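Engineer: sequence plus the predicted model coming up.
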Amino acid sequence: QVQLVESGGGLVQAGGSLRLSCIASGSIVSINEMGWYRQAPGKQRELVAHATSGGNINYGDSVKGRFTISRDNAKNTVYLQMNSLKPEDTAVYYCNADGIKTGHGGVYFIGYGYWGQGTQVTVST
């Protein structure tokens, strides 16, 4: 069973930085896509950053130039470095993964739509 576990959230002042981590566990062979989404109170969940195993990366418009996504494929981990944080970045941040190949012994399964439990990021003025 695949699980995504986020860490690194917290309270930070505007202009500060935080680094989020998300580790995928289970009998994982490979992960095609990993990314971060966020949801603020009363708002829809939105894309923050997304990276494929092939190195394609895209960012939400509001975080371009401030946030950086990276992956360690050997560790099934994705990171989000957040700099120059603003109060409007306050949200619950969720890790997402798609195209997770699991299995062994020649029997494999590819699953989609995995989510972590979320980690709170609060940016104060």
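Structural biologist: Alright, I've got the coordinates. No experiment lies behind these values; they were computed from the predicted model shown.
Engineer: and the next element down the chain from the helix or strand bottoming out on mean pLDDT in the chain?
Structural biologist: The least trusted helix or strand in the chain, going by mean pLDDT, DSSP states H and E, turns out to be strand 107-111, with a mean of 93. Per DSSP states H and E, the first helix or strand lying C-terminal to strand 107-111 is strand 114-115.
Engineer: which elements pack onto that following strand?
Structural biologist: Packing contacts for strand 114-115, counted by 3 or more C-beta pairs under 8 Å, 6 or more residues apart in numbering; DSSP states H and E, involve strand 91-104. The way it works is simple: take the backbone N, C-alpha and C, and place the C-beta from them, glycine included.
Engineer: paired strands for the strand it packs on, with orientation please.
Structural biologist: Within its sheet, and counting by DSSP bridges, strand 91-104 is paired with strand 28-39 (antiparallel), strand 107-111 (antiparallel), strand 114-115 (antiparallel), strand 119-124 (antiparallel).
Engineer: tabulate these in JSON lines, adding columns for mean neighbour count and distance to Glu46.
Structural biologist: Output for the strands paired with strand 91-104, formatted as JSON lines (neighbours: other C-beta atoms under 10 Å; distance: least, C-beta to C-beta, whole Å):
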{"stretch": "strand 28-39", "mean neighbour count": "19", "distance to Glu46": "6"}
{"stretch": "strand 107-111", "mean neighbour count": "11", "distance to Glu46": "23"}
{"stretch": "strand 114-115", "mean neighbour count": "16", "distance to Glu46": "14"}
{"stretch": "strand 119-124", "mean neighbour count": "17", "distance to Glu46": "13"}
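Engineer: worst average pLDDT in those strands?
Structural biologist: Among the strands paired with strand 91-104, strand 107-111 carries the lowest mean pLDDT, at a mean of 93.
Engineer: in CSV, list the C-alpha atoms belonging to the least confident helix or strand of the chain.
Structural biologist: Provided in CSV are the C-alpha atoms of strand 107-111 (Å, rounded to 0.1, in the frame of the first residue of the first chain):
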residue,chain,number,x,y,z
VAL,A,107,3.7,-8.5,-11.3
TYR,A,108,3.2,-4.8,-11.3
PHE,A,109,0.5,-2.2,-10.9
ILE,A,110,0.4,1.5,-11.8
GLY,A,111,-1.8,3.7,-9.6
